[in-house]
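# sharing a model prediction with you, sequence too.
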Amino acid sequence: MLEVKNLTKSYEKGNIVLNNISFSLKKGEVVVVIGPSGCGKSTFLRCLNRLEEIDSGTITLNGKEISTENNKVNEIREKIGMVFQSYELFPNMNIMKNLILAPTLVQKRNKEEAKKEAEKLLGRVGLLEKKNSYPRQLSGGQKQRVAIVRSLIMHPQILLLDEITAALDPEMVREVLQVVLDLAKEGMTMVIVTHEMEFAKAVADRVIFMDKGVIIEEATPEEFFTNPKSDRAKQFLNTFTYENVGTN
C-alpha cells in the first residue's frame, strides 16, 4: 500500500535526520516506530504525508509516487492523515465545527452529512455529549480523542500517529490508547510513533526500531521485545527495566 525507498532528509549544515530509509506498509497493517528521542521518528512520519519535503528517495502510495513536487499535497494529506502530540484543535471553534471544517471546506461534502458522521464518530470515542464544547473545556485525553476523530472523518487510507500520549497525564493515556486499539481491530492501516512499550506490544503487527536516522531493526513485537537482535535495541529496551530498590 505504501512503499518508501532510500528516503534521505537533512536540515541545514548537513545535519542528516533520515539516512537512506526503506520501508513498506500493507493494507490493514499497524507498524509501530520506536527509538530514542531525536532519532528521526517524527520527521519520518512528517515526510510520509509531505509535511516535510525529502532530499532524495521515493514515496509511493498504491503504486503512485507521491514524493514528487507536482503532486497535490492536500490530496495526499487526505489519504494519509496525521494526529499530532499537541492536538492542533482550533480554540475559537467548538468541537463540532472543528470536525466538519475540513470535510466541508476541502472535500466539499454536505454540511449535514458531515455533522451526522461527526456525531457517529464522537459516539464511538465516548464524546458525543461534548460536541458543542470548546477545546479549553476538554481534558487532554478528550482533546486527543477529538483529534483522532478529526482525522478519521476525512476517510484516510493510512493514519499516522505521532506520540499522541506524550502530553497526557498517565490517567488519560489509557482512554486514548483504547481508541487506537479499537481502530487496529477494525483494520485501520496505521504507523504509530510511541514511547509506550506495553501499548506497542499490544497494537503492533510489526515494530521498527530507529536510531540516528536509520532503521536498526525490524521484527514482530514478540521477537523484538523478547529477543532483540541488535545491541543498540537491547540497550534501548534496558532503559525501561528497573531493579527493585529497598532498604532494610
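Arrived safely. On a predicted model such as this, the values are computed, not experimentally measured, just so you know.
# which positions in stretch 231-243 come out as buried?
R232, A233, F236, L237 (16 or more other CB atoms under 10 Å). For the C-beta atoms, the positions are set from N, CA and C on the backbone; glycine is no exception.
# what is the neighbour count of E52?
Residues near E52, counting by other CB atoms under 10 Å, number 16.
# go ahead and confirm it touches R46.
Yes - if you go by CB atoms under 8 Å, E52 and R46 touch, sitting 4.2 Å apart.
# so when I look at N98, I'm seeing a strand, right?
No - according to DSSP: H, G, I helix; E, B strand; the rest coil, N98 belongs to no strand; its state is helix.
# and for it, the neighbour number?
Counted with other CB under 10 Å, N98 comes out at 24.
# gap between the residue nearest the centre of the chain and S139?
In the chain, the C-alpha closest to the average C-alpha coordinate belongs to L161, at a distance of 1.2 Å (CA atoms, centre = their mean). L161 is 19 Å from S139, where distance means CB to CB, to the nearest Å.
# got the buried residues of stretch 231-243 as JSON lines, with secondary structure columns?
Shown next, in JSON lines, are the buried residues of stretch 231-243 (three-state DSSP):
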{"residue": "R232", "secondary structure": "helix"}
{"residue": "A233", "secondary structure": "helix"}
{"residue": "F236", "secondary structure": "helix"}
{"residue": "L237", "secondary structure": "helix"}
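# any idea which of those is closest to V207?
A233 (9.4 Å; CB to CB).
# I'd say that closest one and E223 touch.
No - assessed by CB under 8 Å, A233 is found out of contact with E223, at 10.6 Å.
# for the helix or strand that contains T104, packing partners?
According to DSSP states H and E, T104 maps onto helix 95-105. The helices and strands touching helix 95-105, judged by 3 or more CB pairs under 8 Å, 6 or more residues apart in numbering; DSSP states H and E, are helix 111-124, helix 140-152.
# and the contacts of it?
Here helix 95-105 makes contact (CB atoms under 8 Å, 6 or more residues apart in numbering) with 89-90, 93, 109-111, 114-115, 117-118, 121-122, 127, 130-135, 138, 146, 149-150, 153-154.
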